[in-house]
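Peer 1: only the shape, not the letters, is given here:
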């Protein structure tokens, strides 16, 4: 789903990297590890997501783990385009071997990592360092992916506060990290900001797990000047939902 840039901007304007919290008239609040696991289902316990980058040719790693190499992976380039992953690995052959199946699975996981969990500002490429994390599936399952996602989002929001301060404009796609997760969190914590269409209400069941599934069919509200409206709401905020 497309994130609500105005809502995200209004939130990031109130983010303080020194405390990793949003500053509101009613106090400070932040997205926590518990929020991440509740909304996404990602693990917050386990091995730290740390990558050791070997001194080898990335084309050799791509060939070994994906079975093919993008033509633009030359020189010092260490990223692949997500669209290349989606095109090259769009159809699994019916007679695929176990090795090919695992290569396709890695391509899907790499696309998910670069396009959803840890996207950069462009959202169009993914660093090949992540490929090393999914080389061994059992090892990949032991990582605390949720904790890493939250840490990455914290860092991106801290960096983006500088962008807003220096330019005085909205983010307009300048925020990396899993922005949709932040939007789901805002809808849960500030229910009056959440969509109210009938299709969303039909999916907003209390027993949805992970809880982010409640919002898959939601469409963001539309206002004439959305950012200004969100600023007014946050300036007048006096209560939040403390538990989701």
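Peer 2: All right, it came through fine. Everything quoted here is computed from the prediction, not taken from an experiment. Residues are numbered from 1 along each chain as shown.
Peer 1: which stretches in this structure count as helices?
Peer 2: For the chain, the helices defined by DSSP state H occupy 5-12, 33-40, 58-65, 82-88, 98-112, 137-140, 145-167, 179-189, 198-203, 226-235.
Peer 1: and the ones you listed, which one averages the lowest pLDDT?
Peer 2: Across the helices of the chain, helix 198-203 has the smallest mean pLDDT, namely a mean of 52.
Peer 1: sorry, back to before: need the helices of the chain in a markdown table with distance to residue 218, can you?
Peer 2: Yep, even glycine has a C-beta here, placed from its N, CA and C like the rest. Listed next are these as a markdown table, based on distance: least, Cβ to Cβ, whole Å:
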| stretch | distance to residue 218 |
| --- | --- |
| helix 5-12 | 12 |
| helix 33-40 | 13 |
| helix 58-65 | 36 |
| helix 82-88 | 24 |
| helix 98-112 | 21 |
| helix 137-140 | 30 |
| helix 145-167 | 20 |
| helix 179-189 | 7 |
| helix 198-203 | 4 |
| helix 226-235 | 15 |
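Peer 1: report the central residue of the protein.
Peer 2: residue 178 (1.6 Å; Cα atoms, centre = their mean).
Peer 1: distance to residue 124 and mean neighbour count for the helices of the chain - can I get that in a markdown table?
Peer 2: Below are the helices of the chain laid out as a markdown table (distance: least, Cβ to Cβ, whole Å; neighbours: other Cβ atoms under 10 Å):
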| stretch | distance to residue 124 | mean neighbour count |
| --- | --- | --- |
| helix 5-12 | 17 | 23 |
| helix 33-40 | 22 | 20 |
| helix 58-65 | 18 | 16 |
| helix 82-88 | 6 | 16 |
| helix 98-112 | 11 | 17 |
| helix 137-140 | 24 | 11 |
| helix 145-167 | 16 | 18 |
| helix 179-189 | 15 | 23 |
| helix 198-203 | 29 | 12 |
| helix 226-235 | 25 | 16 |
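Peer 1: of those helices, which approaches residue 18 most closely?
Peer 2: Nearest to residue 18, of all the helices of the chain, is helix 145-167, at 9.0 Å by Cβ to Cβ.
Peer 1: residues in contact with residue 51?
Peer 2: Shown in contact with residue 51 (Cβ atoms under 8 Å, 6 or more residues apart in numbering): 129-130, 132-133.
Peer 1: who wins for proximity to residue 210 among the helices of the chain?
Peer 2: Checking these against residue 210 by Cβ to Cβ gives helix 33-40 as the closest, at 5.4 Å.
Peer 1: what angle sits between the closest one and helix 179-189?
Peer 2: Relative orientation of helix 33-40 with respect to helix 179-189: 100 degrees, computed using axes from the mean of the first three to the mean of the last three Cα atoms, to 10 degrees.
Peer 1: touching helix 33-40 from outside, list them.
Peer 2: Residues from elsewhere that reach helix 33-40, judged by Cβ under 8 Å, 6+ apart: 42-44, 146-147, 149-150, 178, 181, 184-185, 188, 210-212, 244.
Peer 1: 6 Å - rerun?
Peer 2: 44, 146, 150, 184-185, 210-212, 244 (Cβ atoms under 6 Å, 6 or more residues apart in numbering).
Peer 1: so how far is residue 235 from the residue nearest to the centre of the chain?
Peer 2: Look at residue 178 and residue 235: by Cβ to Cβ, to the nearest Å, they are 26 Å apart.
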